[in-house]
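Participant: Here is my input; please provide its structure:
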Amino acid sequence: MFEVKTTAVASKAETYRELAAQLGGLLTDETNGLANAANTAALLYAGLGDVNWAGFYFMRGGELVLGPFQGKVACVRLQLGRGVCGSAAEKRTTLVVPDVEKFPGHVACDHASRSEIVVPLVKEGKLIGVLDVDSPSRARFDAKDALGLETLADIFLLHSDLSHLAD
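Facilitator: Numbering: from 1, shown residues only. The predicted model follows:
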């Protein structure tokens with residue numbers, strides 16, 4: 001049995017180092033992308049604190065389609081270039097949004113979300129999808145979160161066969 005180690009009193013850098021170690025151990029010897037996405041979302045949701053949604057969208061037929069996540073029910077399909085997820089995917093750059101209500105074209109899947117961070121998943125130059133994390137607090141995410149989540153996304157991509165989840 002795997003138990004998420006919480007890091008409530010740790011710095012962000014320590015939190016992400018611990019989450020990276022846990023994720024690496026969790027995904028070792030497993031390549032199933034669906035299982036790995038589910039466990040990664042659960043780890044982030046339990047381990048980050050002050051988040052109300054953590055999960056994945058994968059590229060299917062030219063749009064982002066909902067993958068494994070933790071949190072309230074979510075939008076199933078998102079267009080490239082629209083909202084935080086679609087913009088991060090289209091630009092292939094991590095977006096940190098301190099106040100989603102001020103983001104042009106924000107897609108509100110959960111009206112309780114106030115800030116968001118989205119990391120594009122790119123493998124061998126191909127856009128696979130995005131890792132999306134929301135918080136009910138404004139300005140919850142910053143550059144340290146971007147670096148930490150990009151590292152976790154790299155670990156996820158390294159261990160996961162996503163050929164059946166993304167075009």
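Participant: before we move on, which element is the residue most central in space within the chain in?
Facilitator: Nearest residue to the geometric centre of the chain (Cα atoms, centre = their mean): Leu131, 2.5 Å. Leu131 belongs to strand 126-135 when assigned by DSSP states H and E.
Participant: chain center to stretch 74-89, what's the gap?
Facilitator: 13 Å (Cα atoms, centre = their mean, to the nearest Å).
Participant: how far does it stretch from start to finish?
Facilitator: End-to-end span of stretch 74-89 (Cα to Cα, to the nearest Å): 17 Å.
Participant: Return the set of buried residues in it.
Facilitator: Under the neighbour-count criterion of 16 or more other Cβ atoms under 10 Å, stretch 74-89 has Ala74, Leu78, Leu80, Arg82, Gly83, Val84, Cys85, Gly86, Ser87, Ala88, Ala89 buried. Yep, even glycine has a C-beta here, placed from its N, CA and C like the rest.
Participant: picking that back up, for the closest residue to the residue nearest to the centre of the chain other than its chain neighbours, list the residues it contacts.
Facilitator: Spatially, and ignoring its direct neighbours in sequence, Leu131 is nearest to Val119 (4.4 Å; Cβ to Cβ, 6 or more residues apart in numbering). Residues near Val119 by Cβ atoms under 8 Å, 6 or more residues apart in numbering: Ala88, Thr94, Val130, Leu131, Ala146, Leu149, Glu150, Ala153.
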